[in-house]
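>>> my questions are about this predicted structure, shown below with the sequence.
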Amino acid sequence: MNIYPIARRVTAGAVALALAGCTTTQADFKKKPEAVSKAALCRTFMETKDQVFYQDLLGELSKRKIGPMECYQMVQQQNQAAAALVAIAVVGTAVAVCANNNCGNSYYPTNTYRGNCQYDWQYDAAGNRCGHRSAWSRPGGF
């Protein structure tokens, strides 16, 4: 079972839920508009398609002396922060995959034959340079 795609999905899901939690419903807004946080108010204002609800949100923003441009900037910063978290998670996953699969190593494996020499530049298990004893140096070797 490969855990890395699962980790990426969980991270993306967590970010999506975190951003979705930054909105408010019409019912919650109607009950107590002053209880809605500034972030939730702005995100809902930017995302709503209901014109009546939009006007109600605009009125609440006006009462709080928050301009629509300020809301736009706040939502944009939240989205950028979420994108940065996702990017960090993806890079972290890539590093973990690379570390487990030896991605940064050279093209040729350094020790295919344990204790013996494949290439003349390698060292054997005793720490001696292989030189002409390597499989690469012998006729028909490799």
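Everything's here; your move. Residues are numbered from 1 along each chain as shown.
>>> show me where pLDDT drops low in the protein?
Within the chain, the ranges that satisfy pLDDT under 70 run 1-22, 101-115, 139-142.
>>> helices or strands next to the longest helix anywhere in it in the packing?
Across the chain, the helix with the greatest residue count (assigned by DSSP state H) is helix 68-101. Helix 68-101 sits against helix 3-20, helix 38-47, helix 51-63, with contacts defined as 3 or more CB pairs under 8 Å, 6 or more residues apart in numbering; DSSP states H and E. To be clear about C-beta, it is placed using only N, CA and C from the backbone, and glycine gets the same treatment.
>>> got a list of contacts for the last one?
When contacts are taken as CB atoms under 8 Å, 6 or more residues apart in numbering, the neighbours of helix 51-63 outside the stretch itself are 26, 29-30, 33-34, 36, 41-42, 44-45, 48, 67-68, 71.
>>> re earlier: please state the offset of the longest helix of the chain from the chain centre?
5 Å (CA atoms, centre = their mean, to the nearest Å).
>>> isn't residue 45 up against residue 71?
Yes: between residue 45 and residue 71 there is a contact under CB atoms under 8 Å: 5.4 Å.
>>> just give the nearest non-adjacent residue to residue 119, would you?
Spatial nearest neighbour of residue 119, chain neighbours left out: residue 136 (4.8 Å); criterion: CB to CB, 6 or more residues apart in numbering.
>>> against residue 122, how distant is the one you found?
9 Å (CB to CB, to the nearest Å).
>>> of the two, who's got more company?
Ranked by neighbour count (other CB atoms under 10 Å), residue 136 and residue 122 place residue 122 first, with 20 against 15.
>>> give me the neighbour count for residue 36.
20.
>>> again but with residue 79, I slipped
Neighbours of residue 79 using other CB under 10 Å come to 14.
>>> so how far is residue 72 from it?
11 Å.
>>> ok, residue 127 next?
For residue 127 relative to residue 72 (CB to CB), the value is 65 Å.
>>> and for residue 33?
Distance of residue 33 to residue 72, given as CB to CB: 20 Å.
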